[in-house]
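[1] Build me a structure from this.
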Amino acid sequence: MKVDPTHGIEGRLHVLERIAKIFRGADTFEALHMDDRKRIAGTTGKKLERSDGVTWRWFGAMRRNSSFATLVNNRPARFSQALECIPFAGPVTLEDYERYVKKFKAAFVNTPKSGGLATGTRLLAMKRPDQFVCVDGPNRKGICADFGQAPTTLSLANYWQRVIEPMRQTSWWLHPRPLDTIERRIWDCRAAMLDAIHYDPKEKSNKRGAG
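    Purely as a prediction, here's the structure:
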């Protein structure tokens with residue numbers, strides 16, 4: 001995996017490893033402190049990031065979806081229920097994913113904006129970075145090109161078939177867990193770390209995290 005000149009590998013791994021510790025700090029997403037939910041969801045502001053010394057918005061900045069940010073802060077119960085459909089370890093099945101999507105979308109009842117590919121896959125990638133990659137504006141074209149898919153039609157409805165299934169057939173996905181420390185850390189987060197390869201800052205105009 002090549003080093004991304006915009007955001008380094010080590011910094012990205014630090015975010016994912018810190019978030020893994022946050023998840024372990026409570027039984028559910030809903031039970032976490034609001035700031036921790038914001039860290040996971042990518043809805044942190046600059047003040048919190050300066051205080052932490054961590055760019056939590058790597059892997060997708062989601063504050064542009066104001067409905068998502070508000071729900072994370074004030075009504076996280078349904079996001080919590082959705083995330084509980086995804087196991088912390090072991091295989092994740094299509095049925096697990098479909099249950100997650102149903103509950104995730106149900107969170108956006110009577111909200112100005114709905115949840116989409118970016119916000120939905122952000123939460124998935126943070127809980128299981130070995131299984132999911134957050135797909136949003138700056139990486140959508142690259143990821144879709146990698147898997148031979150059209151970026152304009154990718155959605156939560158077909159993300160599993162168009163991204164997850166072909167990803168699981170790749171040689172790097174099937175490669176045994178490495179012995180080298182850094183390579184092993186990357187392997188443990190290998191799906192989410194696709195963002196390090198495909199992130200294109202020129203695509204910021206696509207309103208990263210808007211969906």
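[2] Low-confidence stretches in this structure?
    Within the chain, the stretches with pLDDT under 70 are 1-7, 203-210.
[3] ok, which stretches of it are helices?
    Defined through DSSP state H, the helices belonging to the chain, from first to last, are 9-24, 34-41, 46-52, 66-74, 77-83, 94-106, 117-127, 137-146, 159, 165-167, 171-174, 181-188, 194-198.
[4] Out of these, which is closest to Gly60?
    With CB to CB as the measure, helix 117-127 is the member of those nearest Gly60 (4.5 Å). For the C-beta atoms, the positions are set from N, CA and C on the backbone; glycine is no exception.
[5] residues making contact with that closest one?
    16, 19, 23, 40-42, 59-60, 62, 65, 68, 79, 82-83, 86, 88, 100-101, 104-105, 131-137, 154-156, 159, 191-192, 208-211 (CB atoms under 8 Å, 6 or more residues apart in numbering).
[6] out of the residues you listed, which are buried?
    Applying 16 or more other CB atoms under 10 Å to the contacts of helix 117-127, the neighbour count classes 16, 19, 23, 40-42, 59-60, 62, 65, 68, 79, 82-83, 86, 100-101, 104-105, 131-137, 154, 156, 159, 191-192, 208-211 as buried.
[7] Near His33, how many other residues are there?
    11 (other CB atoms under 10 Å).
[8] still on that earlier bit, find the one among the helices of the chain with the highest mean neighbour count.
    Relative to the other members of those, helix 117-127 carries the highest mean neighbour count by mean count of other CB atoms under 10 Å, namely a mean of 26.
[9] Dump that helix to CSV, restricted to CA.
    Extracted as CSV, the C-alpha positions of helix 117-127 are listed here (Å, rounded to 0.1, in the frame of the first residue of the first chain):
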residue,chain,number,x,y,z
LEU,A,117,-23.4,6.2,1.0
ALA,A,118,-20.8,8.5,2.7
THR,A,119,-22.4,8.7,6.2
GLY,A,120,-23.5,5.0,6.1
THR,A,121,-20.1,3.7,5.2
ARG,A,122,-18.2,6.0,7.5
LEU,A,123,-19.8,4.3,10.5
LEU,A,124,-19.2,0.9,9.1
ALA,A,125,-15.6,1.6,8.3
MET,A,126,-14.9,2.9,11.8
LYS,A,127,-16.4,-0.2,13.5
